[in-house]
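Visitor: A structural model of the following input is requested.
(2 chains)
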There are 2 protein chains.
Amino acid sequence: LLTAAQRDAIDLVLVSPRNPLNIGAAARAMANFGFPHLTVVAPFEAHWQEAKSAVGAESLLQSAKHEKCLAEAVSNCTLVVGTGTLAHRRPEQPVLPLPDLAPRIAHELGHGGRAALVFGPEKHGLTRADLALCHLLVQIPTHPQQPSMNLGQAVAVCLYELAVRSHVDASSLPGDIGNASTEHPPAAMRDLDLLAAAVADAMQAAHYSPAAMQKANRHDLELLLRRLALNQPDARRILGLFRRILWRLRR
Amino acid sequence: LLTAAQRDAIDLVLVSPRNPLNIGAAARAMANFGFPHLTVVAPFEAHWQEAKSAVGAESLLQSAKHEKCLAEAVSNCTLVVGTGTLAHRRPEQPVLPLPDLAPRIAHELGHGGRAALVFGPEKHGLTRADLALCHLLVQIPTHPQQPSMNLGQAVAVCLYELAVRSHVDASSLPGDIGNASTEHPPAAMRDLDLLAAAVADAMQAAHYSPAAMQKANRHDLELLLRRLALNQPDARRILGLFRRILWRLRR
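Guide: Numbers count the residues shown, from 1 in each chain, chains lettered A, B, ... in the order given. The predicted model follows:
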């Protein structure tokens, strides 16, 4: 089982949840499996207030963090895992079946990282822009005829899996899950945000992207930075380089 | 993953569910993980009718079986697994943590058996009498401070576990899970019911139990018969013996 310290290094993030019953159910599942940290991003305010009375999870909901956008919610995380049905989207990140997620997260936590498990709104799931902030996507192996799970139930299944199976020996992991150095902590999302902004500024200053391509190039940049699995010193070194370039370009 | 034939040999049984949302959520989780057979026992009729409109699980709810008592609902099963929080009860059957359930059920199905997974009403769980019909109890490893799960979420977690982890090699099972012969199918619940009735009649005819003890002795008998893990021919042989004894006693 996960230790209390490990649970403490995992955030559950709900993006724009609509149904108060689902918010309550998610909070209850967190209490059931001992995960203390809930963050809600841009909830529908009335529904959020209503949800706060969920049976058995009042204190968890009262102490939930409240953020305007996903980037802020996960800024201190080093691994962001997106969820949702993949039926209608071609994923741009690695997709892990849920039974393989626990050792990946245990590995991250074992290297001083912090993980976020992100759930989108009930109807449409995470937007393409929010998905671009995820290092990987997790897929619950549901039946092709009815792949879409209820939000509260999906949260329960994911947390059960993490709580029960995160003790798996990290040395048994395949080698291709990232090249973050084991001697340095992985780069946090806020490091990547700063880096992405600096690179995008440099692109613009260098007239790299035609106006029509700027948005698409920024999207691809977000994906690329997460694929690289940078450690913190490397992310900062590259940031320094791009700031220097930018300063030069703007002279 | 479980094969379609294996899923076909598993019944999900809800005993007196109260909340239509929970019934709908249970049905949706069944559809998500591909389990087709739902049985409801003595539901609250108005709630049951209301539940039949659950999103994405209409046909499953329409084709659900409807029984008056648990014994009837599981009469053709060879392994009955009870669920519920064990916080307030001292269990009288073996208790298996959920992560160990899938291989046990796969083993049962591999020997021609049929399994039922039984959930009690939301507030109080299964009664002592219903628990006595279970071969074993399963425990979801929840946090001691909030052990009690929402019904729909508990169903989702259990079915996820069964769907994903039932391929485990049955030969890796510990030896103490029962002594049913591998050459014969295990005794079905209806065989055990007939046997329990015959033994109870014989007890009465022989004036074995003082009146005040009859109910308790019958309860212990139900537990004993399930502990024995009889195969079908043995159950019928013992039934024949007790019928013979009974005939003698009554002459």
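Visitor: what pLDDT, on average, does stretch A:122-139 get?
Guide: Average pLDDT, stretch A:122-139: 91.
Visitor: what does stretch A:159-174 give?
Guide: What stretch A:159-174 shows for mean pLDDT is 69.
Visitor: swap in stretch A:28-45?
Guide: The average pLDDT within stretch A:28-45 is 94.
Visitor: just give me how far that stretch sits from the chain centre.
Guide: Stretch A:28-45 sits 14 Å away from the centroid of its parent chain (C-alpha atoms, centre = their mean, to the nearest Å).
Visitor: please export the C-alpha coordinates of that stretch as PDB.
Guide: This file holds the C-alpha atoms of stretch A:28-45, laid out as PDB (Å, rounded to 0.1, in the frame of the first residue of the first chain):
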ATOM      1  CA  ARG A  28     -15.700  10.400  -0.900                       C
ATOM      2  CA  ALA A  29     -13.500   8.100  -2.900                       C
ATOM      3  CA  MET A  30     -10.500  10.200  -1.900                       C
ATOM      4  CA  ALA A  31     -11.400   9.800   1.800                       C
ATOM      5  CA  ASN A  32     -12.000   6.000   1.300                       C
ATOM      6  CA  PHE A  33      -8.500   5.500  -0.100                       C
ATOM      7  CA  GLY A  34      -6.800   8.100   2.000                       C
ATOM      8  CA  PHE A  35      -5.800  10.800  -0.600                       C
ATOM      9  CA  PRO A  36      -6.000  14.200   1.100                       C
ATOM     10  CA  HIS A  37      -5.300  16.700  -1.700                       C
ATOM     11  CA  LEU A  38      -8.100  17.900  -3.900                       C
ATOM     12  CA  THR A  39      -7.800  20.800  -6.300                       C
ATOM     13  CA  VAL A  40     -10.800  22.100  -8.300                       C
ATOM     14  CA  VAL A  41     -10.200  24.200 -11.500                       C
ATOM     15  CA  ALA A  42     -12.800  26.700 -12.600                       C
ATOM     16  CA  PRO A  43     -15.800  24.800 -11.100                       C
ATOM     17  CA  PHE A  44     -19.300  25.900 -11.700                       C
ATOM     18  CA  GLU A  45     -19.600  27.900  -8.500                       C
END
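Visitor: name the residues of it that are buried.
Guide: Within stretch A:28-45, the residues scored as buried using 16 or more other C-beta atoms under 10 Å in any protein chain shown are A:28-35, A:37-44. All C-beta atoms are positioned from the backbone trio N, CA, C, and that covers glycine.
Visitor: helices of the stretch 1-150 of chain A, start to end?
Guide: Remark: helices assigned in the stretch 1-150 of chain A by DSSP state H, counting those that start in this stretch are A:4-8, A:20-33, A:45-51, A:58-62, A:70-73, A:101-110, A:128-131.
Visitor: now those in TSV, with distance to A:Pro147?
Guide: What follows is the helices of the stretch 1-150 of chain A, written out as TSV (distance: least, C-beta to C-beta, whole Å):
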stretch	distance to A:Pro147
helix A:4-8	28
helix A:20-33	18
helix A:45-51	25
helix A:58-62	29
helix A:70-73	23
helix A:101-110	17
helix A:128-131	17
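Visitor: tell me if I'm right that A:Val155 and A:Met30 touch.
Guide: Yes - taking contacts as C-beta atoms under 8 Å, A:Val155 lies within contact range of A:Met30: 7.4 Å.
Visitor: quick one: closest of the helices of the stretch 1-150 of chain A to B:Leu2.
Guide: Nearest to B:Leu2 among these is helix A:101-110; the distance by C-beta to C-beta comes to 20.1 Å.
Visitor: contact residues of the stretch 1-150 of chain A facing chain B?
Guide: Residues of the stretch 1-150 of chain A found near chain B (C-beta under 8 Å from any C-beta of the partner chain) are A:1, A:21, A:25, A:28-29, A:31-34, A:56-57, A:98-99, A:140-143, A:145-150.
Visitor: now do the shared contacts for A:Val155 and A:Met30.
Guide: Listed as contacting both A:Val155 and A:Met30 by C-beta atoms under 8 Å, 6 or more residues apart in numbering or on different chains are A:Leu12.
Visitor: return the distance of the closest residue in space to A:Gln145 that isn't next to it in sequence relative to A:Gly84.
Guide: Once flanking residues are discounted, A:Gln145 sits nearest to B:Ala31: 7.3 Å by C-beta to C-beta, 6 or more residues apart in numbering or on different chains. B:Ala31 sits 17 Å away from A:Gly84, taking C-beta to C-beta, to the nearest Å as the criterion.
Visitor: again with A:Gly24
Guide: Distance, A:Gly24 to A:Gly84, by C-beta to C-beta: 20 Å.
Visitor: of these two, which one has the most company?
Guide: A:Gly84 (26 against 23; other C-beta atoms under 10 Å in any protein chain shown).
Visitor: can you list the low-confidence ranges for chain A?
Guide: Applying pLDDT under 70 to chain A flags the ranges A:53-56, A:85-89, A:167-183.
Visitor: can you check which helix is longest in it?
Guide: Assignment by DSSP state H gives helix A:232-250 as the longest helix of chain A.
Visitor: and that helix, how far from the chain's centre?
Guide: 25 Å.
Visitor: next, the buried residues of that helix.
Guide: For helix A:232-250, the neighbour count (16+ other C-beta under 10 Å) marks A:Gln232, A:Asp234, A:Ala235, A:Ile238, A:Leu239, A:Phe242, A:Ile245, A:Leu246 as buried.
Visitor: tabulate those (TSV), appending distance to chain B.
Guide: Below are the buried residues of helix A:232-250 laid out as TSV (distance: C-beta to the nearest C-beta, whole Å):
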residue	distance to chain B
A:Gln232	32
A:Asp234	36
A:Ala235	35
A:Ile238	39
A:Leu239	40
A:Phe242	44
A:Ile245	48
A:Leu246	48
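Visitor: closest to A:Leu126 out of those residues?
Guide: A:Ala235 (23.7 Å).
Visitor: excluding chain neighbours, what is closest to that closest one?
Guide: Nearest to A:Ala235 is A:Ala187, by C-beta to C-beta, 6+ apart, at 3.8 Å.
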